[in-house]
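Enquirer: model the following, please.
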Amino acid sequence: MTFRTFPRRLAALSLAALPALAAPSPAHAQARGSEAAAAATLERLRASPPRLYAFLREMPKGADLHMHLSGAVYAESFLRWATEDSLCISRHALAIVWTNPCAGGDTITAAAAQRSALRDSLIDAWSMRNWDHARNSGHDQFFATFARFGATDRRVGDELAEATARAAAGRVSYMELMVTLDGRVASGLGAQVLGDSAFAPGREPNFAAYRQALLQAGIANAVAAGRENATRIEARRDTVLRCGTPQADPGCGVTARWLYQVLRGLPPQQVFAQILTGFELAKADPRVVGFNLVMPEDGFVSMRDFTLQMRMIDYLHQFYPQVKITLHAGELAGGLVPPEGMRFHIRQSVELGHASRIGHGVDVLYEDRPEELLREMARRGVMVEIALTSNDAILEVRGKDHPLSAYRAYGVPVALATDDEGVARSEMTREWVKAVEEQGLGYRDLKAMARTSLEHAFVEGASLWSDGRRFTPVAACAPAAGGFAGARCGGYAAGSTRARLQRDLELGFREFEARRAADSPP
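Expert: Down below sits the predicted model:
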């Protein structure tokens, strides 16, 4: 065989064999047709926001990976719980207070407030509803809400019930919820054991000594408190939603995991103790799948100590390499902080903070060498949790000013998240509508983001995908093995929570697309 004839014969051989190897099955072809019909339906509905919302609400959405649990609750619920718990309301501060019985004057019972004109003022003060930009910024309004309803902390189980029930209604199947599970145990230990001198100006911190001192002083107590609180919160959720009974709310079917939240605005000795607790708690309890740093990124301490906090994580990471980390970074916009404050937070979070996910990432193009950073994030597979409503309300970054298109152009994994849906008066379906209307995303884009959310979730178990970028299924779930609905895929998914969620998502897509193809009006 000559060199000239070999390629022709190989090509002929390949073409002859191709139909037998690659011809799509009738079921596969039908599924592709249904997907195309759903995509065409979405395009037709762009001009009708209410119909677009109704369409997207029924679409399976995968995971919500960035949610502050207290911020997920609507103000009406906080007011109802305050009434049930006989708490009081400060008329002046528009806040729940512990005074009981109410002393009169400035305070009024929550029950009385519920029945008065004060109710509307409270809901507006505890959320972004009717927010007046002329009076204060969206940033200030947003972050001021938490102190006003914080007295309901003992209702965290009810908060979890509300969040999971709403997730189920919006076809979200998995959630990671940020809560400081141990309360103030770790921060108290940090203040007591390390003291102010540990991080005195000009003194190089001795992370090794600080870790050892906290372990010896009883950081295990913070871990135990966190585990006990998680159990108590989940039990209350089950009670509220009637889980395990014939009347169970669909929210019982939503898989929820915890992210331990560190309060980055605290003094550094307390932050170090909380970061250590986050690592230890995630190591000890599989329900706690990682940790995050919260509080306004533009705050004085947050800005002053940003690099120091990344160094804390970098040091402790060596002892807990298996613990997953997601970090708020780049939740900044021009004018909020000096320009130099926007040049390194995302990079340090990835390189020093070992973050495998970034929350918000809004200022990525203001960082030093942004194209290089975007390529690095794509290479490492660092996913960005995109919170469009939150970024709009807090930072006034929306539409073409949002970096979502840049992340996608560089191949950085992205998924939509709600952040604080109660405060923002939003929910996951509205995030998807916003992505379509303001970011120009289509049906297949949303479908890919839903898949990405579960691929990059910190949930336990092997993936359904052999290639999580191109979404190539493992052999057990490939078309030749019967596909996602086949017995082999079902057996594979039974051994992994992640794979089960991913398989359920794919079957949900198939059911949704087939129904939309059948029901779609002319």
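Enquirer: what about residue 491, which SS state?
Expert: At residue 491 the chain is in helix, as set by DSSP: H, G, I helix; E, B strand; the rest coil.
Enquirer: ok, and the closest non-adjacent residue to it?
Expert: Spatial nearest neighbour of residue 491, chain neighbours left out: residue 476 (7.1 Å); criterion: CB to CB, 6 or more residues apart in numbering. Heads up, the C-betas are built off the backbone N, CA and C, glycines and all.
Enquirer: isn't residue 71 right up against residue 420?
Expert: Yes: assessed by CB atoms under 8 Å, residue 71 is found in contact with residue 420 at 2.9 Å.
Enquirer: please identify which of these two sits among more neighbours.
Expert: residue 420 (28 against 24; other CB atoms under 10 Å).
Enquirer: from residue 213, how far off is that one?
Expert: Per CB to CB, to the nearest Å, residue 420 is found 35 Å from residue 213.
Enquirer: put the alpha carbons of the helix or strand hosting residue 291 into CSV.
Expert: Take DSSP states H and E as the rule and residue 291 turns out to sit in strand 288-294. Taking Å, rounded to 0.1, in the frame of the first residue of the first chain, the C-alpha atoms of strand 288-294 are listed here in CSV:
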residue,chain,number,x,y,z
VAL,A,288,-20.5,20.4,56.3
VAL,A,289,-18.9,20.4,52.8
GLY,A,290,-16.7,23.5,53.0
PHE,A,291,-16.5,27.0,54.3
ASN,A,292,-16.7,30.6,53.0
LEU,A,293,-15.8,34.1,54.3
VAL,A,294,-18.8,36.5,54.6
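Enquirer: returning to what we had before: any residues in contact with both of residue 71 and residue 420?
Expert: Here residue 71 and residue 420 have no joint contacts, going by CB atoms under 8 Å, 6 or more residues apart in numbering.
Enquirer: still on that earlier bit, helices and strands around the strand holding residue 291, which ones?
Expert: In terms of contact count using 3 or more CB pairs under 8 Å, 6 or more residues apart in numbering; DSSP states H and E, strand 288-294 is assigned the packing partners strand 172-179, strand 255-263, helix 268-284, strand 324-329.
Enquirer: packing partners of the last one?
Expert: Pointing back at strand 324-329 there. Using 3+ CB pairs under 8 Å, 6+ apart, strand 324-329 sits against strand 288-294, helix 345-351, strand 357-360.
Enquirer: starting at the chain centroid, how far to that strand?
Expert: Chain-centre distance of strand 324-329: 10 Å, with CA atoms, centre = their mean, to the nearest Å.
Enquirer: buried ones in it?
Expert: 324, 325, 326, 327, 328, 329 (16 or more other CB atoms under 10 Å).
Enquirer: can you pull the pLDDT of the closest residue in space to the third one that isn't next to it in sequence?
Expert: Read that as residue 326. In space, and not counting its chain neighbours, residue 326 is closest to residue 357: 3.9 Å by CB to CB, 6+ apart. Confidence at residue 357, expressed as pLDDT, is 98.
Enquirer: ditto for the one 10 residues further on
Expert: Taken from the predicted model, the pLDDT recorded for residue 367 is 98.
Enquirer: residue numbering should commence at 371 henceforth.
Expert: Sure, I'll start counting at 371 from here, so that last one is residue 737.
Enquirer: can you classify the residue nearest the centre of the chain by secondary structure?
Expert: Note on the chain: the residue nearest the mean C-alpha position is residue 436, at 1.5 Å, using CA atoms, centre = their mean. Three-state call for residue 436 (three-state DSSP): strand.
Enquirer: so what's it up against?
Expert: For residue 436, the contact set (CB under 8 Å, 6+ apart) comprises 546, 548, 696, 729, 755, 757, 787, 788, 789.
Enquirer: most widely separated two among those residues?
Expert: 696 and 788 (14.7 Å; CB to CB).
Enquirer: do I have it right that residue 592 meets residue 556?
Expert: Yes: contact status for residue 592 versus residue 556: in contact at 4.0 Å, counting by CB under 8 Å.
Enquirer: and for those two, which residues touch both?
Expert: With CB under 8 Å, 6+ apart, residue 592 and residue 556 have common neighbours 643, 647.
Enquirer: on that earlier part again, how many other residues sit next to the residue nearest to residue 861?
Expert: Residues lying near residue 846 (other CB under 10 Å) number 18.
Enquirer: pLDDT at it, what is it?
Expert: At residue 846, pLDDT is 97.
Enquirer: how about residue 756?
Expert: Looking at residue 756, its pLDDT is 98.
Enquirer: same deal with residue 674?
Expert: On the pLDDT scale, residue 674 gets 97.
Enquirer: cool, residue 658 as well?
Expert: 98.
Enquirer: show me the contacts for it.
Expert: By CB under 8 Å, 6+ apart, residue 658 lies in contact with 551, 596, 600, 627, 628, 629, 630, 651, 652.
Enquirer: what is the burial count for residue 758?
Expert: 26.
Enquirer: span of stretch 796-816 from start to end?
Expert: End-to-end distance for stretch 796-816: 18 Å, by CA to CA, to the nearest Å.
Enquirer: now the strands: where do they sit in this structure?
Expert: With strands called from DSSP state E, the chain shows them at 432-438, 458-460, 465-467, 477-479, 542-549, 625-633, 658-664, 694-699, 727-730, 753-756, 784-786, 835-837, 842-843.
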